[in-house]
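K.L.:
Here is a sequence together with a model predicted from it:
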Amino acid sequence: MRISRVLPYYVGICIVSLFTGIAYETETYVLRPFDVMIGIGVLLLAANASWRGYAQRLDKGLPYYLFALLYLYRGLSGLVMTGPVLALKELLQGLEFLFLIHLVVKSTKRQRSRRQFLQTLYVGFGGIAVVTALLHIANGHYSGYKYLYYFGYTTGDAQKYAFGLFGLMALIFWARDRKNTYTFLVLMGAISLTLLSGERKGWVALAAATVAIYYVQNNFRLWTALRSAFRARYLALAGLFVIGLILAANFRYAEKQLDSLGDTYAMVVEREFDYVPMGPGRRQDVGRYNGLVFLMDALSRYPIFGVGTERRKEAVSEIPTPNVYITTGHGEYQRYALENGLIGLLLYILIWCFVFKNVLKVKTNLYLDYLSVLFIYGFMVYSVVVNMFMGGGAHNIMFLSVSVGFVVIVRNMN
């Protein structure tokens, strides 16, 4: 069997494996199935190139090189601030995700292989979301499907990402064929699971991705999309959504989620961006809010280079703070700003800016199928938004590297 035939499925499973939460952890490193599969995938690419007698050269584009520069900079920061072990770890992680970019590009060169890749993500994320929900239900929790380790499982909380991603993939496949009853039913189930999961960041990211997909469906015409939004069926859906929110507020779980959002807003208004002491039942919201206050404090002291790569915990003990609970690095933008200062934040934002500059040209590319266009717009918008709120792991780097990979795909289509 030719390697190119199995590669789309292999790379899709490789990405999905990140969200199982399975890992072997030590004080120095974390080894996941994803890491092993990336290594094997690189060997497959090398074997394929050797068998064909050449390695195809790619027009990688600026986002690819900025991505490499970001991780080179993080490695140098780790070397200066912490030592060679951390520097090597960061450089290897950057190299690993550069390999992922190449694997995504090589495995999705053709329309058929792209569809196989996307189907693998669809089924994989759906499987993780359903199994996670069932495990919570088996333990007597019918909502809030976010933290398996509460019940003694050792897979952490990586599964919480899968709910929104399942909703995204279900939306993409339904948007491609809206007359298909099966894809519609799966979409309804995926949205229900996403809402019941309690991962509010996933809600926001999925809503933003929905707008992007809706824009594609209206032939990339903003005015047409706005006019279509005022049709009776869309107004009826909006009305049902509002009614659903009103009804949901009467249920304890949904009421807790909505009250939490209100408490966060009240903290900003009342404290005028100052540290908030711990209150009953507000640990997560207070910690994240104090993390933002701490970020501004740290940037005022170390604006250019930050506190150093992977030195968030040390920085909390070094910078004088009141006796408050602080959650640092909650979101990739916050993480890069805190650890690598304005240089790191600028590099990260520049990558996304050039990614979207390339994505906006997708509508003029005659070689891309409709499903791929829907995925590119939906996935990239989802990634930008979800990385604002969730951070600190390989999952977030995956969002960026896969987006860069699809930019490379677009640039090399002819």
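P.N.:
Alright, I've got the coordinates. Residues are numbered from 1 along each chain as shown.

K.L.:
Determine the set of other helices and strands touching the helix or strand where residue 212 lies.
P.N.:
Residue 212 belongs to helix 200-217 when assigned by DSSP states H and E. Packing contacts for helix 200-217, counted by 3 or more Cβ pairs under 8 Å, 6 or more residues apart in numbering; DSSP states H and E, involve helix 160-176, helix 181-197, helix 222-228, helix 252-271, helix 370-389. C-beta: built from backbone N, CA, C; applies to glycine.

K.L.:
Residues in contact with that helix: which ones?
P.N.:
160-161, 163-164, 167-168, 171-172, 175, 191, 194-195, 222, 225, 228-229, 257, 260-261, 363, 373-374, 377-386, 388-390 (Cβ atoms under 8 Å, 6 or more residues apart in numbering).

K.L.:
Compare the helices and strands packed on helix 200-217 and say which comes out lowest on pLDDT.
P.N.:
Lowest mean pLDDT of those: helix 252-271, a mean of 53.

K.L.:
Tell me where this structure has strands.
P.N.:
In the chain, the segments counted as strands under DSSP state E are 24-25, 30-31.

K.L.:
Just checking: what are the partner strands of the first one?
P.N.:
When pairing is defined by DSSP bridges, strand 24-25 lines up against strand 30-31 (antiparallel).

K.L.:
what pLDDT, on average, does the partner strand get?
P.N.:
On average, the pLDDT along strand 30-31 is 80.

K.L.:
Repeat that for stretch 390-402.
P.N.:
The model assigns stretch 390-402 a mean pLDDT of 85.

K.L.:
count of neighbours near residue 373?
P.N.:
Counted with other Cβ atoms under 10 Å, the neighbours of residue 373 add up to 20.

K.L.:
Let me fix that, I meant to ask about residue 292.
P.N.:
For residue 292, using other Cβ under 10 Å, the count is 17.

K.L.:
Wait, it touches residue 331, no?
P.N.:
No: Residue 292 lies out of contact with residue 331 (Cβ atoms under 8 Å); the separation is 9.1 Å.

K.L.:
Please enumerate the shared neighbours of these two.
P.N.:
Counting by Cβ under 8 Å, 6+ apart, residue 292 and residue 331 have no common neighbour.

K.L.:
Any idea how far apart the tips of stretch 193-206 sit?
P.N.:
12 Å (Cα to Cα, to the nearest Å).

K.L.:
in that stretch, what counts as buried?
P.N.:
Residues 193-199, 201-206 are the ones in stretch 193-206 that count as buried (16 or more other Cβ atoms under 10 Å).

K.L.:
just those now: which is nearest residue 340?
P.N.:
residue 201 (22.5 Å; Cβ to Cβ).

K.L.:
measure that closest one to residue 380 for me?
P.N.:
Residue 201 sits at a distance of 16 Å from residue 380 (criterion: Cβ to Cβ, to the nearest Å).

K.L.:
same deal with residue 33?
P.N.:
In terms of Cβ to Cβ, residue 33 sits 25 Å off from residue 380.

K.L.:
Looking at those two, which one has more neighbours?
P.N.:
residue 380 (25 against 16).

K.L.:
Most tightly packed of the strands of the chain?
P.N.:
strand 30-31 (a mean of 12; mean count of other Cβ atoms under 10 Å).

K.L.:
which residues make contact with that strand from outside it?
P.N.:
With contact meaning Cβ under 8 Å, 6+ apart, strand 30-31 is reached by 23, 24, 25.

K.L.:
was I right about the first one contacting residue 32?
P.N.:
Yes: counting by Cβ under 8 Å, a contact exists between residue 23 and residue 32, whose distance comes to 4.6 Å.

K.L.:
ok, back up a step: could you point out which of the strands of the chain sits nearest residue 17?
P.N.:
Checking those against residue 17 by Cβ to Cβ gives strand 30-31 as the closest, at 12.2 Å.

K.L.:
centre of the chain versus that closest one, how much separation?
P.N.:
A distance of 19 Å separates the centroid of the chain from that of strand 30-31, by Cα atoms, centre = their mean, to the nearest Å.

K.L.:
Burial check on the residue lying closest to residue 89 once chain neighbours are set aside, number of neighbours?
P.N.:
Once flanking residues are discounted, residue 89 sits nearest to residue 29: 6.4 Å by Cβ to Cβ, 6 or more residues apart in numbering. Neighbour count of residue 29, defined by other Cβ under 10 Å: 14.

K.L.:
begin at 51 from here
P.N.:
With the count now opening at 51, the last piece we talked about shows up as residue 79.

K.L.:
Residue 79 contacts residue 140, doesn't it?
P.N.:
No: using Cβ under 8 Å, residue 79 makes no contact with residue 140, being 11.4 Å away.

K.L.:
Any regions of the stretch 151-300 of the chain where pLDDT drops low?
P.N.:
199-206, 270-300 (pLDDT under 70).

K.L.:
got the buried residues for stretch 167-187?
P.N.:
So for stretch 167-187, counting by 16+ other Cβ under 10 Å, buried means 167-172, 174-176, 178-180, 182-183, 185-186.

K.L.:
Output it as CSV, restricted to C-alpha atoms.
P.N.:
C-alpha atoms of stretch 167-187 as CSV (Å, rounded to 0.1, in the frame of the first residue of the first chain):
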residue,chain,number,x,y,z
PHE,A,167,-8.2,13.9,6.7
LEU,A,168,-11.3,16.0,7.7
GLN,A,169,-13.5,12.9,8.1
THR,A,170,-10.9,11.5,10.5
LEU,A,171,-11.0,14.7,12.6
TYR,A,172,-14.8,14.6,12.5
VAL,A,173,-15.1,11.0,13.7
GLY,A,174,-12.1,11.4,16.2
PHE,A,175,-13.3,14.5,17.9
GLY,A,176,-16.9,13.1,18.0
GLY,A,177,-15.7,9.9,19.6
ILE,A,178,-13.8,11.7,22.3
ALA,A,179,-16.7,14.0,23.1
VAL,A,180,-19.2,11.2,23.3
VAL,A,181,-17.0,8.9,25.4
THR,A,182,-16.1,11.8,27.8
ALA,A,183,-19.8,12.7,28.2
LEU,A,184,-20.8,9.1,28.8
LEU,A,185,-18.0,8.7,31.5
HIS,A,186,-19.4,11.8,33.3
ILE,A,187,-22.9,10.5,33.1
